[in-house]
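**Q** Here is my input; please provide its structure:
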Amino acid sequence: MELRHLRHFVAVVDAGNLSKAADRVCITQPALTRSIKNLEAYLAAELLERRPRGIVPTPAGDALYRYARLMLNEAARAQAEVKAVHKGAKGELAVGIAAMFGDHIVDRVVAAVCGAGHDVALTVTEFMILETLASRPGFVKSRDQLMDAAYQDDVYVDDRTIDSHIKRLRKKFRAVDHDFKGIETLYGVGYRFNEE
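**A** Below you'll find the predicted structure:
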């Protein structure tokens, strides 16, 4: 299975039509059909079904579609990151915040941890999620709101990605404060930052 097969498959599912999908990925319709057939042969499963209103994924196709979108997104992010690192535009940056200025930069969360003399390493995404939550303590933020704050519009992210970030944030803060309960889960609604 190659990335091009996944690109072709996603294009067909998104377009619901072989002709439109072939135009989107800039290949002929017979070549697109062969690519889909090769993918189906590799996975030993029928992925698409023709219906009067177009082409729709089978249950196996639905399962593949979710993963294909994630894999294509991750491949694009990896490519962009490698280019950025190669150009020197990306790397690791350590920022020190004195406890007295922490309230103004990252609200009360990091200030409390910095005030205790502990370092907490956050990724940019974790920082954006934390800042969004901590900027309005007590207010609930949905996964969609947190995704909007942490990711650009052109990045596809599964809902559960935010859950993973929240889990890592809790783990990092609990490493320096075992009683950390600042991020509360409201099942079916989202997350809330509570001042301790």
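
**Q** C-alpha only now, for contacts and for neighbours.
**A** Fine.

**Q** check contacts around the residue nearest the centre of the chain.
**A** In the chain, the centroid-proximal residue (C-alpha atoms, centre = their mean) is Val157; its distance is 3.2 Å. By C-alpha atoms under 8 Å, 6 or more residues apart in numbering, the residues touching Val157 are 70, 147.

**Q** Break this protein down into its structural domains.
**A** 3-87, 99-193 (automatic domain parsing).

**Q** Ala63: how many residues sit nearby?
**A** 12 (other C-alpha atoms under 10 Å).

**Q** from now on call the first residue 34
**A** Happy to do that; since the first residue is 34 now, the last one works out to Ala96.

**Q** related to what we said a few turns ago, measure the residue nearest to the centre of the chain to Tyr220 for me?
**A** Separation of Val190 from Tyr220 (C-alpha to C-alpha, to the nearest Å): 19 Å.

**Q** helix or strand right after the lowest-mean-pLDDT helix or strand in the chain?
**A** Lowest mean confidence among the helices and strands of the chain (mean pLDDT, DSSP states H and E): helix 132-148, at a mean of 52. Remark: after helix 132-148, the chain's next helix or strand is helix 157-167, criterion DSSP states H and E.

**Q** What is that next one packed up against?
**A** helix 132-148, helix 176-183, helix 192-209, strand 223-226 (3 or more C-alpha pairs under 8 Å, 6 or more residues apart in numbering; DSSP states H and E).
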